[in-house]
Each structure stands twice: as C-alpha cells, then as structure tokens.
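*Asks:* structure for the following, please:
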Amino acid sequence: MRLTEVMEETIMQRRQFCRGALALGALSLAEFGPWQGISAFAREMDEFIRGPVVRDIPLQQLSPHVWMIYSPDGFPTPENQGMMCNLTFVDTSAGLVVLDTGASVQIGEMAIRQLARQFPGKKVVALFNSHYHGDHFLGNQAFVEAFGDLPIHAHPGTVEAIAGLQGNSWRTLMEKWTNQATLGTRVVVPNRPVQHGQEFRFGDVTLRIHHYGRAHTPSDICVQVLEDQLTHVGDVAMDRRIANMDDGSYVGTFKFYEALEREAPSSIWVPGHGHPGPDVLGWNRELFQGIYETCVAAVEAGRSMEAAKELVLQDPRVSSRARDTRGFETHIGKYVSLAYLEAEASAF
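*Replies:* Have a look, this model is predicted:
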C-alpha cells in the first residue's frame, strides 16, 4: 500500500472517530461545565488527530558549531510530508540554537530525535525563524512542547505576519499540500522581535542578525555565526531552486546580497533550500539578473510580458540553469511576470 493510501485510510478512521467522539464531548460538558469541558475535549481531539511520524534524516556537520538536517525536496507533497526546508542547528556551550524549525510539529519532533542522538542531554535554548513562510516556523510547536517556553526570535514584521493571517493560512496550506500529513500542528508565534545588527551570545558562539529590506519577503533575517564564518540566509538565496518572489523584490534581493557580502563575509552560505556552500549567493544573483535585467530591457523596448518571457528563456544565465533547478518549468512563468511588473513599476 502506498503512503498516500495509508494516510487516506488513517484520516478516514480519524474522521469516523471524531463523529463518534462528539457524544464524549457532550459528556465532558456535563461533567466539567461548558468551558472546562470544551477545553479538555479540544485538547484530547488535538492529540488524537495527528499526522504520521516523519522519517528520520540524520544530521550533517557544516562547520565547527553548525549542523544541518538537509531536505532533498523543494516543495511539499504527501510523500515527503512537508519536509521541504533545511533545518539548521548551532551547537554552543550554552545549549543548542535552532535556525528555522520546519513545516510541521512532526518535522520538529524528528529534528529533536536527531539532536538527542548527536547531543545527548543537551537542551535547545532558543529558536530563530528567518521569515513567515510556513516551512520555516510551523515546527516551533515541537520545540516548545519539548523544552518549555523558549525565546523564539524573528523580525517584527515576521512576528506580526505569523500572529495575523500568515500563521493559520500556512498551517492550512501545509495540510492541503501534504494530504493532511501535518495534522496536529498549531501555530506558535515568535515572541522575541529582533533588529538588524543585534547580537546574541550563547556561551562560546556569537550570532549577528542581518536585515537589509525587502528581498524574499519584507522581513527576512539572516543569522551570521561569527566564529564559523558562516551565515544562514534562509530563503533570501536558494540552491538549485527559484525562490518564491510573490512577496519579494528582485532589486531588493540584489541590494541584500551586496550588503551581506560586505557586512557578513562568509565561506559558507546556508540556504533554506538546497546545499550550503560558498557560491549560493552567486548562483542566485546570476539567475535573478538573467530574469530581471531581461525584463527591464523588454519594458524599455515596449515589449509585452509574453515577449519578455521568451527573451528570459533564451538568456544563457537562465537557460543554463533550467535542467537542474527544481520547479523551473512550473514556476518560471510566474517569476518572469513578477520581474516584469517590478521593472514596469520602476520605469515610472
């Protein structure tokens, strides 16, 4: 039986249970009173309706203090259960720090299992969410449940977005895209707003926050590990994947890269998607220049959006990456449209 069939059967069983359990809910109300009963019943149902366990993915060491759980997939599916984002960990003498927590409580729990094997007895002491897309913050729940009321750091705009529409929207989308594999996940909002240039000292390791305006979203942060010459860039840059630019800016991304290279020189850039390495920013910059600069030229020449797309696909900076870039065929049209609209807006 395929994974999707198993999941569908499990979900059907749970739904049947839920219908039968309504009577138990009524008993809870009668026994404990309306508010206590509803709360107790809701907790019981939340614990029961839960997606399957995520398979273990071992840790990889990137530098003296930094480890990663690498995600081979770039997009959520029922088969990968939403495991589409790299999870990064900083091992300090004060405890473990987590940079992005994954797309579900199940993914967060898988990460905690790996940390317990590699660092037995060592606790997680802080979380950082790079931005408000769900694959980077929905795992917060697992760490809070395992380690208590942790400080969860994020840009003020990210805190506001997750506390607002983005939090539950992403939770719902992940359930939809994974055929309910992420059921049981709840939104845990970051509770520590951070500012550009702010530094955090965790024992023998110093983390510095970088934010240079709108890039992938309006409120991306990158976290520099000073002692390791390594910077976690989240989705500001990706490896072999086109970043979602629906909330972003090509021009802002170029400025962000220039500032990072100047202010956070690193031998390793750690992306939210794809492999870390020294050329992550360079790979993204050239691809984005091929898209955006071609659109600028098309707008200046009075060419249509469709004509711009044809020109972009002919640009060697873009065509040379088509074969090994995840989601290229399905997403390149949208990203050309976004680049064209940004170029058009800047022309006025």
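
*Asks:* now the helices for the stretch 1-150 of the chain?
*Replies:* 3-32, 34-48, 105-118, 140-147 (DSSP state H, counting those that start in this stretch).

*Asks:* for the residue nearest to residue 331 when sequence neighbours are not counted, give me its contacts.
*Replies:* Among residues not flanking residue 331 along the chain, residue 242 sits closest, at 5.5 Å (Cβ to Cβ, 6 or more residues apart in numbering). C-betas here are computed from N, CA, C, even on glycine. Contacts for residue 242 (Cβ atoms under 8 Å, 6 or more residues apart in numbering) come out as 287, 325, 326, 327, 328, 331, 332, 335.

*Asks:* compare those residues and tell me which is most surrounded.
*Replies:* residue 335 (26 neighbours; other Cβ atoms under 10 Å).

*Asks:* which of the residues in whichever strand or helix holds it are buried?
*Replies:* Using DSSP states H and E, residue 335 maps to helix 328-346. Across helix 328-346, burial judged by 16 or more other Cβ atoms under 10 Å covers 328, 331, 332, 335, 336, 337, 338, 339, 340, 342, 343.

*Asks:* which one of those residues is nearest to residue 318?
*Replies:* Nearest to residue 318 among the buried residues of helix 328-346, counting by Cβ to Cβ, is residue 332 at 7.7 Å.

*Asks:* if we can go back for a sec, how close does the residue nearest to residue 331 get to residue 183?
*Replies:* As judged by Cβ to Cβ, to the nearest Å, residue 242 and residue 183 stand 29 Å apart.

*Asks:* before we move on, what about residue 301?
*Replies:* 51 Å.

*Asks:* which one of the two is surrounded by more residues?
*Replies:* residue 183 (23 against 10).

*Asks:* just to check, residue 162 is in contact with residue 189?
*Replies:* Yes. In this structure, residue 162 is within contact of residue 189 by Cβ atoms under 8 Å, at 5.0 Å.

*Asks:* neighbour count for the two, which is higher?
*Replies:* residue 162 (28 against 17).

*Asks:* so the more buried one sits in a strand?
*Replies:* No. Read with DSSP: H, G, I helix; E, B strand; the rest coil, residue 162 is helix and lies in no strand.
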